[in-house]
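S.K.: got a predicted model here, sequence first, then my questions.
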Amino acid sequence: MMQNKPNVKKLIKTLFDQNYIVLNIPTMDKNFYHEQLSKFFKYIFEKNYQLEEFKKINQRPEQGSIEISSNSIIENYLKQLIRNSIIYDIARKLWHSDYLFYSSSLSHYRHVDPSNSLQMDYQPLHIDYSFLKTQSLNICIPATGYGGDYPGIEIFKDIPKSQNEIDFSEIQSYEPIVTLGEVLIFHERSPHRRSVGNKKSVRLNTEFRVFPSSSANLARELNLKRF
């Protein structure tokens, strides 16, 4: 029996109504992706974490991130996965854009470890627009999981304009549970921060930052590549 195609307009509405969506990507080779990202971080931490291309792991250990261009096998696999999925249709419809781009310097592989106090203390509440200054989607692709036992992302419905002495317990928020084979998507104005409470397992994931076509200056600034 043929399955009905997802309704792109409804997905976009949900994305903005709740500030995120979670999608299943049935074409993902889960074993390949998990093994490649696991082997890559093992390679980095065992022998090569001081190499120039991995310097961000040393400079910003609390983030646990490495630029996506540091592993072309995973980068190219995920680029094609997104290009051939409903994600691409959502972004094109959202921005009325014929072509899409991703940032090779602001897209990252992440290793977030509950035993690392620097990482568990790092959870700034922010929106991506504050530093990107343009439309974007963050495509979070777990090789393990988000939420539950894994450090995840806490997404807020709204936040006060003044963030001084916020009582977060009084603000509506969600921690999406995302498993291997699914993706979490949120837009550039979604308030979010790392979720770190009661976590037990290391989270491995990729964050693909996706953009509509834009000016040449912005393309250079963000190191944009076309899908």
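M.R.: That came through fine.
S.K.: max-length strand in this structure?
M.R.: Ordering each strand of the chain by length in residues (DSSP state E) puts strand 203-212 first.
S.K.: what lines up beside it in the sheet?
M.R.: The strands beside strand 203-212 in its sheet (DSSP bridges) come out as strand 100-103 (antiparallel), strand 108-112 (antiparallel), strand 137-142 (antiparallel).
S.K.: show me where this structure has strands.
M.R.: With DSSP E as the criterion, the chain has strands at 21-24, 65-67, 100-103, 108-112, 137-142, 145-146, 152-156, 173-174, 178-179, 182-187, 192-195, 203-212, 224-226.
S.K.: gap between the longest one and the chain center?
M.R.: On the basis of C-alpha atoms, centre = their mean, to the nearest Å, strand 203-212 is displaced by 4 Å from the centre of the chain it belongs to.
S.K.: again with the fourth one
M.R.: A distance of 9 Å separates the centroid of the chain from that of strand 108-112, by C-alpha atoms, centre = their mean.
S.K.: and the contacts of it?
M.R.: Strand 108-112 has contacts (C-beta atoms under 8 Å, 6 or more residues apart in numbering) with 37, 40-41, 45, 63-68, 70-71, 74, 119, 150-151, 194, 202-207. Every C-beta, even on glycine, is put in place using the N, C-alpha and C of the backbone.
S.K.: now swap in the fifth one and tell me
M.R.: Strand 137-142 is contacted by residues 33, 78, 82, 87, 90-91, 94, 128, 146, 150, 153, 178-180, 182-188, 203-210 when judged by C-beta under 8 Å, 6+ apart.
S.K.: before we move on, the earlier item: buried subset of the contacts of strand 108-112, written for PyMOL?
M.R.: To isolate the buried ones among those in PyMOL, judged by 16 or more other C-beta atoms under 10 Å, type:
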select buried, resi 37+40+41+63+64+65+66+67+68+70+71+74+119+150+151+194+202+203+204+205+206+207
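S.K.: can I get the CA coordinates of the longest helix along the chain in CSV?
M.R.: Of all the segments of type helix in the chain, defined by DSSP state H, the longest one is helix 30-43. C-alpha atoms of helix 30-43 as CSV (Å, rounded to 0.1, in the frame of the first residue of the first chain):
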residue,chain,number,x,y,z
LYS,A,30,21.5,4.1,10.6
ASN,A,31,24.3,1.6,11.0
PHE,A,32,26.6,3.4,8.6
TYR,A,33,26.0,6.9,10.1
HIS,A,34,26.4,5.7,13.7
GLU,A,35,29.5,3.8,13.0
GLN,A,36,31.1,6.6,10.9
LEU,A,37,30.5,9.3,13.6
SER,A,38,31.5,7.0,16.5
LYS,A,39,34.8,6.0,14.7
PHE,A,40,35.5,9.6,13.9
PHE,A,41,35.3,10.8,17.5
LYS,A,42,37.3,7.8,18.7
TYR,A,43,40.0,8.7,16.2
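S.K.: and that helix with strand 108-112, angle?
M.R.: In terms of direction (axes from the mean of the first three to the mean of the last three C-alpha atoms, to 10 degrees), helix 30-43 departs from strand 108-112 by 70 degrees.
S.K.: so what's the nearest residue to P61 once chain neighbours are set aside scoring on pLDDT?
M.R.: Once flanking residues are discounted, P61 sits nearest to L118: 5.4 Å by C-beta to C-beta, 6 or more residues apart in numbering. Note on L118: pLDDT of 93.
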